[in-house]
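A.B. asks: quick one, what's the 3D model for this:
(chains A and B)
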Amino acid sequence: SQTIHQWPATLVQPVGSPLSLECTVEGTSNPNLYWYRQAAGRGLQLLFYSVGIGQISSEVPQNLSASRPQDRQFILSSKKLLLSDSGFYLCAWSVPGRRAEKLFFGSGTQLSVL
Amino acid sequence: GQSLEQPSEVTAVEGAIVQINCTYQTSGFYGLSWYQQHDGGAPTFLSYNGLDGLEETGRFSSFLSRSDSYGYLLLQELQMKDSASYFCAVRADRGSTLGRLYFGRGTQLTVWP
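C.D. replies: The predicted structure follows:
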């Protein structure tokens, strides 16, 4: 069966510090991968998506970047965090094709930038 | 762009049936999905209704009117554990293998005993 791992669960970082959130998927090959952010009491905002190794697309211009160094590994990064980067970050994967809208989410990272 | 509107809160009693509405405006449309999220948890897939079919889970069913850009999620035999946030999401990538989803702000469902 497929599983998705996301860490850390909670992170408190000072403004201006770097960020690295990691996500790995097991039990499937060549998944579509996504990073979403959720502000408190709000919906999920799509940040990045990837259809393959090294292929990253950004939805909104921002202070963040993403990388996919391996087929089932997705990393969200920032060189210098801003207060506005605080939020709940969710990694997700889906099977490419007809049911690609069926997303499987990781348990999320609650990021607080102080 | 995409925009989705859903009520911010809905309340109901245990055993009842509740409907959560969603209206959407998108530049393209492939399907409408629904997800459930408990506080602090990961969203989980409930239902998909779109151009290539329908998928539903357990007591959750969905309706879609493409002509009205409207859909709803129907929850039957409500249980206390159904208290959660429910999100509608549209997939706009027709003809693509990519499932980019754009989510509404969510509806907080509270189930009373």
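
A.B. asks: for the single nearest residue of chain A relative to chain B, which non-adjacent residue is closest in space?
C.D. replies: In chain A, no residue comes nearer to chain B than A:Ala100, which is 3.0 Å away by C-beta to the nearest C-beta. Every C-beta, even on glycine, is put in place using the N, C-alpha and C of the backbone. In space, and not counting its chain neighbours, A:Ala100 is closest to B:Gly99: 3.0 Å by C-beta to C-beta, 6 or more residues apart in numbering or on different chains.

A.B. asks: list the residues that contact the one you found.
C.D. replies: A:32, A:94, A:99-103, B:91, B:93 (C-beta atoms under 8 Å, 6 or more residues apart in numbering or on different chains).

A.B. asks: try it again with 10 Å
C.D. replies: B:Gly99 makes contact with A:32, A:34, A:49, A:92-103, B:30-31, B:33, B:48, B:89, B:91, B:93, according to C-beta atoms under 10 Å, 6 or more residues apart in numbering or on different chains.

A.B. asks: same deal with A:Thr3?
C.D. replies: A:24-28, A:93, A:104, A:106.

A.B. asks: before we move on, what about B:Glu77?
C.D. replies: Taking C-beta under 10 Å, 6+ apart, one finds B:14-17, B:58-59 in contact with B:Glu77.

A.B. asks: centre-most residue in chain B?
C.D. replies: B:Trp34 (2.9 Å; C-alpha atoms, centre = their mean).

A.B. asks: my guess is that residue is in a strand, correct?
C.D. replies: Yes. The assignment for B:Trp34 by DSSP: H, G, I helix; E, B strand; the rest coil puts it in a strand.

A.B. asks: in stretch B:27-34, what's buried?
C.D. replies: For stretch B:27-34, the neighbour count (16 or more other C-beta atoms under 10 Å in any protein chain shown) marks B:29-34 as buried.

A.B. asks: now residue 19. Nearest residue, chain neighbours left out?
C.D. replies: All of this is about chain A. A:Ser78 (4.0 Å).

A.B. asks: sorry, I should have been clearer: chain B.
C.D. replies: B:Tyr72 (5.0 Å).

A.B. asks: again, but for A:Tyr49
C.D. replies: A:Tyr34 (4.8 Å).

A.B. asks: same for the helix or strand where the one you found lies, what does it pack against?
C.D. replies: Secondary-structure element containing A:Tyr34, defined by DSSP states H and E: strand A:32-38. Using 3 or more C-beta pairs under 10 Å, 6 or more residues apart in numbering or on different chains; DSSP states H and E as the contact test, the elements touching strand A:32-38 are strand A:19-26, strand A:44-52, strand A:55-58, strand A:65-70, strand A:73-78, strand A:87-94, strand A:109-113, strand B:101-103.

A.B. asks: rewinding a little: near chain B, from the contacts of A:Thr3?
C.D. replies: A:93, A:104, A:106 (C-beta under 10 Å from any C-beta of the partner chain).
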